[in-house]
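# What would the 3D arrangement of this be:
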Amino acid sequence: MKRNLKILFAFISLININLFGQNSNVVKSENRIIKVDYNKSAGKLNTMFKECIGAGRANEGLRADWQQQLTMVKKECDFKYIRMHGLLTDDMAVYREDEKGNPEYNFQYIDALYDFLLSIKMKPFVELGFMPSALASGPETIFWWKGNVTPPKDYNKWEDLIRNLTKHFTERYGAEEVKTWYFEVWNEPNLSPGFWTGTQEEYFKLYEYTTRAIKSVNKAYKVGGPATAGAAWVPETIEFCTKNNVPLDFISTHTYGVKQGYLDEFGTSGTILSKDDSSVSGEVINSRKQIVNSAKPNLELHYTEWSTSYTPADPIHDSYHSAAYILQKLKQVGGHANSMSYWVFTDIFEEPGPRFTPFHGGFGLLNTQGIKKSAYFSYYFMNKLGETELQNTDTSSWACKNAKGDTQILFWDFTNTHPGDKELNQTYYAQVLPSQSKGKTKIEINGLKQGKYKVEVYKTAYKVNDAYTAYLEMQKPSQLTKEQVKILKEKSTGDAVESQIVQINSEGNFTKEFNTNENDVFLLNLVKQ
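The predicted structure is shown next:
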């Protein structure tokens, strides 16, 4: 009898372990309901998520494949602005001096780049940097392409360069166009000596000379900064500009979702995704508070770089986990930022030098061959949302409608499965990571107009629009054949995974249930027929 009782208790313990997840890998799941009413609007959808996108450096923008990829990204994700490093570096052939030290300007390369951007209905978010070597006060550089990071040897010559460049923009594109641009002074000057060998005081001097040059051409042109890493120098910049009567039209700064560090020039540092639920979004919200509590409380706030990780060799950028992460952070930010510029749109990106493998943890939404990563579909799906947001209490979704009578529900599960300090991103996300169940998600939409609807379901998840897992299962070839590129692109088209016609009766109700796993992203689109 005692033996039988022991067996019984062991059996009950086993049941408890399986049901409640103790000492097992089973994820506790709870059913979720997202309920909205078509007739209850929350106002115009805030589209700060697609205001701006990043790119590596200006010279890369002269490549045909870069331009082809950006054309597709603009069409499918509809970013308005693009920001990049290196507009003034030597490979853009902007500045030199004759034997007497007189400046000579050349804007032909910039013209080729900006003409293309405007031709696809994008605008430049003009990052002014780095220093032309003929104008530099020292030899220090950053990155494989050697952007000079020293202050100018002559601030008046720097001012003349910026004034002439701004005049050129005005003559070529017209003042009304250039008024819509943003001029950002330098990049991450708080990372010294990485991006700036000078002091904070010297950066503010650079900012003042730059602003004076731009405003001398047109006072309506927008200038800002400090373009810092880690949301730094925001109060200091506002204080400096207020005290010295220097124009400041917007604040820009950067944030990333890993635990430590701000600069990994050649992609050799290890990183760990932060477990803090308010990572990224917490810094944005704090920056907004700093502005509100300052002498210039109405300044625009632009996060001109953000991502999961600041290093160009972090496989989380390639992983399907990134899609839900992006959506979660943008939802948390809400209206606290005027733009959140994801860093970057493509792996055609050469800060550590040309990359040798097709998936290497690069920043891009697309890899070098233009294969869409899971992260790409976050923006692709958001761009399908209607212009009017519906009232919705669920914190990991958007509900919208458009003027045609269509309704969209974009929802996701973000689960940070990273094991913490005991493992780096560089090993954890470099493996096949199956997702586990998070239960069911039920969508209820009320108040719909009677009639026929085409119900479309889009998805990105583990092995669904997940090119990176497919690449890992190919045994990570160091080079892709044309056939392998074709296979991976076919696995990540972003096409609807489900489509059917339904009839909505006079009661106007629609219900659909989804089995949801960790880090799944779904877009439900009801298209009025």
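
# Which residues does the most centrally placed residue in the chain form beta bridges with?
Residue closest to the average C-alpha location in the chain (CA atoms, centre = their mean): Tyr342, at 1.6 Å. Beta-bridge partners for Tyr342, by DSSP bridges, are Ile53, Trp306.

# Now do the contacts for it.
Contact analysis of Tyr342 by CB atoms under 8 Å, 6 or more residues apart in numbering lists 53-54, 306-307, 326, 365, 375, 379. (C-beta placed from N, C-alpha, C; glycine too.)

# From Thr368, how far off is it?
The gap separating Tyr342 from Thr368 is 18 Å, by CB to CB, to the nearest Å.

# quick one, what contacts the residue nearest to Lys40 when sequence neighbours are not counted?
Among residues not flanking Lys40 along the chain, Gln391 sits closest, at 4.4 Å (CB to CB, 6 or more residues apart in numbering). Neighbouring residues of Gln391 by CB under 8 Å, 6+ apart: 36-37, 40-42, 399.

# Mark which of these are buried, thanks.
For those, a burial check counting by 16 or more other CB atoms under 10 Å picks out 36-37, 399.

# Looking at those residues, which are in strands?
Within the buried ones among the contacts of Gln391, residues falling in strands by DSSP state E are 36-37, 399.

# Including distance to Trp66 and pLDDT, could those go into TSV?
Output for these, formatted as TSV (distance: CB to CB, whole Å; pLDDT from 0 to 100):
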residue	distance to Trp66	pLDDT
Val36	40	98
Asp37	44	98
Ala399	36	98
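
# Could you tell me what pLDDT the model assigned to Lys289?
The per-residue pLDDT reported for Lys289 equals 98.

# element containing it, please.
helix 281-292 (DSSP states H and E).

# which one is Leu385 nearest to, not counting chain neighbours?
Cys400 (4.3 Å).

# ok now do the one you found, which residues does it touch?
For Cys400, the contacting residues are 45, 385-390, 407-408, 410, by CB under 8 Å, 6+ apart.

# Tell me the one of these nearest Leu263?
Leu263 has its nearest neighbour among the contacts of Cys400 in Leu410, at 33.6 Å by CB to CB.

# who touches the host helix or strand of the closest one?
If you go by DSSP H and E, Leu410 is part of strand 407-412. The set of residues external to strand 407-412 that reach it, using CB under 8 Å, 6+ apart, is 34, 36, 38, 323-324, 327-328, 381-382, 384-386, 390, 394, 396-402, 441, 443, 445, 448, 519-526.

# From the chain's centroid, how far away is that strand?
Put simply, strand 407-412 sits 20 Å off its chain's centre (CA atoms, centre = their mean, to the nearest Å).

# That one pairs with which strands, parallel or anti?
For strand 407-412, pairing defined by DSSP bridges yields strand 397-401 (antiparallel), strand 521-528 (antiparallel).

# shouldn't Ala42 be in contact with Gly386?
No - under the criterion of CB atoms under 8 Å, Ala42 is not in contact with Gly386, lying 11.9 Å apart.

# Could you list the low-pLDDT ranges of this structure?
1-30, 261 (pLDDT under 70).

# domain parsing for it?
According to automatic domain parsing, the chain comprises the domains 29-44+390-528, 48-387.

# on that earlier part again, determine which stretch of the strands paired with strand 407-412 is the most buried.
Ranked by mean neighbour count under mean count of other CB atoms under 10 Å, the strands paired with strand 407-412 are led by strand 397-401, which reaches a mean of 24.

# pretty sure Ile445 contacts Tyr38?
Yes - contact status for Ile445 versus Tyr38: in contact at 6.3 Å, counting by CB under 8 Å.

# With Lys373 as the reference, measure out to Arg83.
20 Å.

# next one: Tyr310
Remark: distance between Tyr310 and Lys373 (CB to CB) = 17 Å.

# where along the stretch 401-529 of the chain do the helices fall?
425-428, 467-473, 482-490 (DSSP state H, counting those that start in this stretch).

# Correction: the previous question concerned the stretch 1-150 of the chain.
Going by DSSP H, counting those that start in this stretch, the stretch 1-150 of the chain shows helices at 2-20, 64-77, 108-119.

# At which residues are the strands of the stretch 251-400 of the chain located?
300-307, 339-342, 388-390, 397-401 (DSSP state E, counting those that start in this stretch).

# Out of those, which is closest to Thr253?
It's strand 300-307; of the strands of the stretch 251-400 of the chain, that one is closest to Thr253 (CB to CB) at 6.4 Å.

# Can you tell me what sits against that closest one?
51-52, 54, 83, 125, 127, 182, 184, 224, 227, 249-257, 280, 284, 287-288, 291, 317, 329, 336-343, 363.

# Check the offset of that strand from the chain's centre.
9 Å.

# Tell me the buried residues in that strand?
301-307.

# Not counting residues beside it along the chain, what's closest to Tyr429?
That would be Pro315: by CB to CB, 6+ apart, it lies 3.9 Å from Tyr429.

# Just give me the neighbour total for that neighbour.
23 (other CB atoms under 10 Å).

# List the contacts of it.
So Pro315 contacts 359, 361, 425-426, 429-430, 468 (CB under 8 Å, 6+ apart).

# What of Arg96?
Arg96 neighbours (CB under 8 Å, 6+ apart): 103-104, 106, 132, 134.

# please redo it, this time with the cut-off set to 10 Å
90, 102-106, 132-135 (CB atoms under 10 Å, 6 or more residues apart in numbering).

# so what's it bridging to?
What pairs with Arg96, by the bridge criterion (DSSP bridges), is Glu104.

# All further residue positions should be reported with the first residue as 413.
Renumbered: residue one is now 413, and that last one reads Arg508.

# And it, how far from Asp566?
Distance from Arg508 to Asp566, by CB to CB: 14 Å.

# Can you pull the residues that touch both of the two?
515, 547.

# Now for the nearest residue in space to Val485 that is not next to it in sequence, how many residues are close by?
Once flanking residues are discounted, Val485 sits nearest to Phe757: 5.2 Å by CB to CB, 6+ apart. Using other CB under 10 Å, Phe757 is surrounded by 28 other residues.

# Disregarding flanking residues, what is the spatial nearest neighbour of Val770?
Careful, residue 770 is Pro; it's not Val. Leu892 (4.9 Å).

# For His830, which residues are in contact?
684-687, 728, 733, 836-837, 840-841, 845.

# which residues in the stretch 663-812 of the chain form helices?
Under DSSP H, counting those that start in this stretch, the stretch 663-812 of the chain gives helices at 693-704, 733-745, 786-794.

# so how far is the second one off the chain centroid?
By that I understand helix 733-745. With CA atoms, centre = their mean, you get 10 Å for helix 733-745.

# Tell me who's in contact with Tyr791.
461-462, 465, 485, 488-491, 735, 738-739, 742, 754, 757, 777.

# If you rank the contacts of Pro727 by neighbours, which is first?
Busiest of the contacts of Pro727 [other CB under 10 Å] is Tyr880, holding 28 neighbours.
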